[in-house]
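Asker: Using only what follows, build the 3D model:
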Amino acid sequence: PKGNMAFTGKYEFEADENYDEFVTKIGLPSDKIEMGRNCKIVTEVVQNGNDFTWTQHFPGGRTTTNKFSVGVEADMETMGGRKFKAAVKMEDGKLVAEFPNYCHTAEICGGNLVEISTSSGVVYKRTSKKIA
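Answerer: From the prediction side, this is the model:
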């Protein structure tokens, strides 16, 4: 069901595909690559209509929060910590964001949060299961 509050929830990292190839392609330093591998990131999403607060909780207490409204340019931060501006779009129930060197989509599939990042033909897919 594609309701208005479809994204709201807490999701824990379950699986990913092509992690190493992708993070190498976007130029993450090796210490960050090691830190992020099979990292039990918990993603917390609060959706209020077209307004989103998207928080990632990393083991060890670090968090990254992006606040944005669909279609409005906002200050964002990449998984590597780079700051940039982007307008997130909504297409067919998916959130689509153009990051500086990759395109990122997020959607809810069967209650799971499925995120796909694409950079120069490398597709990185991360699945997180809903825990709250």
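Asker: now the helices: where do they sit in the chain?
Answerer: 19-25, 30-36 (DSSP state H).
Asker: CSV for these, including distance to residue 111?
Answerer: All C-beta atoms are positioned from the backbone trio N, CA, C, and that covers glycine. Shown next, in CSV, are those (distance: least, C-beta to C-beta, whole Å):
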stretch, distance to residue 111
helix 19-25, 23
helix 30-36, 24
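Asker: what would those look like in CSV with mean pLDDT, mean neighbour count and distance to residue 7?
Answerer: Shown next, in CSV, are the helices of the chain (pLDDT from 0 to 100; neighbours: other C-beta atoms under 10 Å; distance: least, C-beta to C-beta, whole Å):
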stretch, mean pLDDT, mean neighbour count, distance to residue 7
helix 19-25, 93, 17, 23
helix 30-36, 84, 13, 22
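Asker: Among these, which comes closest to residue 126?
Answerer: Evaluated over the helices of the chain, closeness to residue 126 peaks at helix 19-25, with 8.0 Å, by C-beta to C-beta.
Asker: which other helices and strands contact the closest one?
Answerer: helix 30-36, strand 112-119, strand 122-130 (3 or more C-beta pairs under 8 Å, 6 or more residues apart in numbering; DSSP states H and E).
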